[in-house]
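J.: Output the structure for:
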Amino acid sequence: MHRVAALQLCSGDNVALNLETCDRLLAEAAQAGCTMAFLPENFAFFGRHDQDKLAIAEVEGSGPVQDFLSSAARRHRMALVAGSLPLVGDEGRCYGASMLFDASGSSRAVYRKMHLFDVDIAAGGERYRESAYCTPGDDVVTVPHAVGVVGLSICYDLRFPELYRQMAVAGASLFSIPAAFTETTGQAHWEILLRARAVENLAWVVAAAQYGQHPNGRRTWGHSMIIDPWGRIVAMQESGDGVIVADLDTELTARLRRDFPVLNHRRL
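T.: Below is the predicted model of the structure:
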C-alpha cells in the first residue's frame, strides 16, 4: 500500500499566498503519512487575465516556484506531482507543465500539456483560447515510482482517451489529472470522464482540482477525486481548500489486469 494525497485549492494572483496554502496542505498530507502528493492545475498562480501567466513563466530547472517545489518535497519527505506551472515556451508563449519531484527534491520528469483548451461553452456564455498564450507539448510522459508507473496529464487532456491508452500501454498504472475544470463542464462531465479513464485502463486516477471563483471571474468545479482501477471513488472533496487521502493498492491493479485483461484484447 502507498498512501497518496490530492490537494484542492482556490488559487489567486498572489504567488506567495498560493504557495503558502500549498505548503500548509502538504504538511497535512505528510502528517497523514502520505508519500506522494498531487497539486492542481495553476496551483501557484491564477491571474486576472490569461496572459498574466507569461510574467511568471520560468525556465525549466530554475525559478522560485520550482525552488519551492524542490524544498517542499525535501521538507515534507514526499514526492510531489506539481499539477501545472508555466514554463517558458516559444514565440512569447509558455507551456503548461506538470513536474514530478522525488522526496529528495530532484525533478524527475516534466510533461508539457498536449491539448489546449480552445472552446466556446454556449451554456455558460464562456469562451476560452488557451493557445493564444500557450504552446502545446508533444511528448507522452510516464515516470516509474514506488507507487507504480505514473502517467502525467493536465485538465483538458482528460477528454482524449488515446493519450491515457498510450500511457497504459507504456506501463502506467496511475494517472495524474490535475485540473481547473470550469463549473459548467465540471458539473456535466468531470466525474464520468475520470471514472472512464480509470475503468478503460484499469488504472488509479488522482485528480487534484481547483474550486471556487478566481480573480478573472472564472468559476472552477472542485470535486477532487481519487479513483481505483475498478472505477470506484475512494476519496472526494466537493469544495473548499483541503487534502484527500487514499491508500493505493498496487496489487489490485495487477490482479485486475491479470483477471480482466482488456489491455491485451485490443484489436486496434
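J.: for the chain, which strand is longest?
T.: Among the segments of the chain that qualify as a strand by DSSP state E, the longest is strand 79-88.
J.: what's the following helix or strand after that strand?
T.: Note on strand 79-88: by DSSP states H and E, the next helix or strand toward the C-terminus is strand 94-101.
J.: Show me what that next one is packed against.
T.: Applying 3 or more C-beta pairs under 8 Å, 6 or more residues apart in numbering; DSSP states H and E, one finds that strand 94-101 contacts helix 64-76, strand 79-88, strand 107-112, strand 148-152. Just so you know, the C-beta spots here come from the backbone N, C-alpha and C atoms, and that holds for glycine as well.
J.: Can you say which of the ones you listed is packed in most?
T.: strand 79-88 (a mean of 26; mean count of other C-beta atoms under 10 Å).
J.: Report all helices and strands that that one contacts.
T.: Using 3+ C-beta pairs under 8 Å, 6+ apart, strand 79-88 sits against strand 36-38, helix 64-76, strand 94-101.
J.: returning to that earlier point: closest one to residue 137 among the helices and strands packed on strand 94-101?
T.: With respect to residue 137, and counting by C-beta to C-beta, the nearest of the helices and strands packed on strand 94-101 is strand 107-112 at 2.6 Å.
J.: Name the strands paired with the closest one and say parallel or antiparallel.
T.: Using DSSP bridges, the strands paired with strand 107-112 are strand 94-101 (antiparallel).
J.: Just want the phi and psi numbers for residue 142.
T.: phi -130, psi 150 (degrees, to the nearest 10).
J.: to the chain's geometric centre, what's the distance from stretch 60-80?
T.: From the chain centre to the centre of stretch 60-80 is a distance of 16 Å (C-alpha atoms, centre = their mean, to the nearest Å).
J.: dump the residue contacts of residue 93.
T.: 54, 133, 134, 135 (C-beta atoms under 8 Å, 6 or more residues apart in numbering).
J.: run the last query once more with 7 Å
T.: Contacts here follow C-beta atoms under 7 Å, 6 or more residues apart in numbering; on that basis residue 93 touches 133, 134, 135.
J.: And the last one, how close does it get to residue 81?
T.: If I follow you right, that is residue 135. Look at residue 135 and residue 81: by C-beta to C-beta, to the nearest Å, they are 21 Å apart.
J.: tally of neighbours for residue 51?
T.: Other residues lying near residue 51 total 13 when counted by other C-beta atoms under 10 Å.
J.: ah, wrong one, I meant residue 215
T.: That count, for residue 215 with other C-beta under 10 Å as the rule, works out to 15.
J.: again, but for residue 170
T.: Residue 170 has 12 neighbouring residues, counting by other C-beta under 10 Å.
J.: What of residue 27?
T.: Residue 27 has 14 nearby residues by other C-beta under 10 Å.
J.: where's it, which helix or strand?
T.: helix 15-31.
J.: For residue 231, which residues are in contact?
T.: Applying C-beta under 7 Å, 6+ apart, the residues near residue 231 are 195, 198, 199.
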